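Student: need a structure here:
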Amino acid sequence: MRNRKRAIARSLPLAPLLAALALPACGSAAATGDAGAPPPAGGTVTGVVSYSGTQQGDLIVAAFIEWPTNWAPEMFVKVPSPSFPQAYALDGLDPGDYYIFAFIDVAPVSPTMPGLEDVKSTPTESVHVSDTEPATADVTLPAD
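Tutor: Take a look at the predicted model:
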């Protein structure tokens, strides 16, 4: 299934694929507040996003299978009005290696593509996800 996702993602440009960020997030209950929903099957990446700046906006945390990338994330979570340090979880990832990227979507809001005004992390080192052991990836956003 992972190779199929990769083949589909490579056939499409970045902007329409990142448009998925405008839709309700597909991440875990830890960030979305849906505590009654069971996590989807697959692997999990959990972590904490730290930020000591003053910019405000939704926090987007995404998992990519390669970096640099022009393709859609394999999964993302959108956290409205985050409180830093902010925990996140990406549940249901296929086993494999991922790069975790986060940004604060600062006004003017454009959740489909990080803009120059947004506070962006550098991607994490590759983290390995398996069906049996959760992976951890903490992210630090630069202060303004």
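
Student: partner residues bridging Val49?
Tutor: Gln86, Val139 (DSSP bridges).

Student: and it, how far is that from Pro142?
Tutor: 12 Å (Cβ to Cβ, to the nearest Å). The way it works is simple: take the backbone N, C-alpha and C, and place the C-beta from them, glycine included.

Student: common neighbours of the two, please.
Tutor: Ser121 (Cβ atoms under 8 Å, 6 or more residues apart in numbering).

Student: higher neighbour count, these two?
Tutor: More crowded of Val49 and Pro142, by other Cβ atoms under 10 Å: Val49, with 25 against 11.

Student: surely that one is in contact with Pro85?
Tutor: Yes - the pair Val49 and Pro85 qualifies as a contact (Cβ atoms under 8 Å) at a distance of 6.7 Å.

Student: which phi and psi does Pro114 have?
Tutor: When quoted as degrees, to the nearest 10, the phi and psi of Pro114 stand at phi -60, psi 130.

Student: report the contact partners of the closest residue to it other than its chain neighbours.
Tutor: What sits nearest to Pro114 in space, not counting adjacent residues and going by Cβ to Cβ, 6 or more residues apart in numbering, is Phe103, at 4.7 Å. With contacts defined as Cβ under 8 Å, 6+ apart, Phe103 is in contact with Leu59, Ile60, Pro114, Asp118, Val119, Lys120, Ser121, Leu141.

Student: is it possible to get TSV of the residues you listed that adds pLDDT, secondary structure and distance to Thr132?
Tutor: TSV is the format used below for the contacts of Phe103 (pLDDT from 0 to 100; DSSP: H, G, I helix; E, B strand; the rest coil; distance: Cβ to Cβ, whole Å):
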residue	pLDDT	secondary structure	distance to Thr132
Leu59	96	strand	28
Ile60	94	strand	28
Pro114	85	coil	33
Asp118	89	coil	35
Val119	93	strand	34
Lys120	91	strand	32
Ser121	93	coil	27
Leu141	96	coil	30
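
Student: between those residues, which is nearest Val79?
Tutor: Closest approach to Val79 among the contacts of Phe103 (Cβ to Cβ): Leu59, at 4.2 Å.
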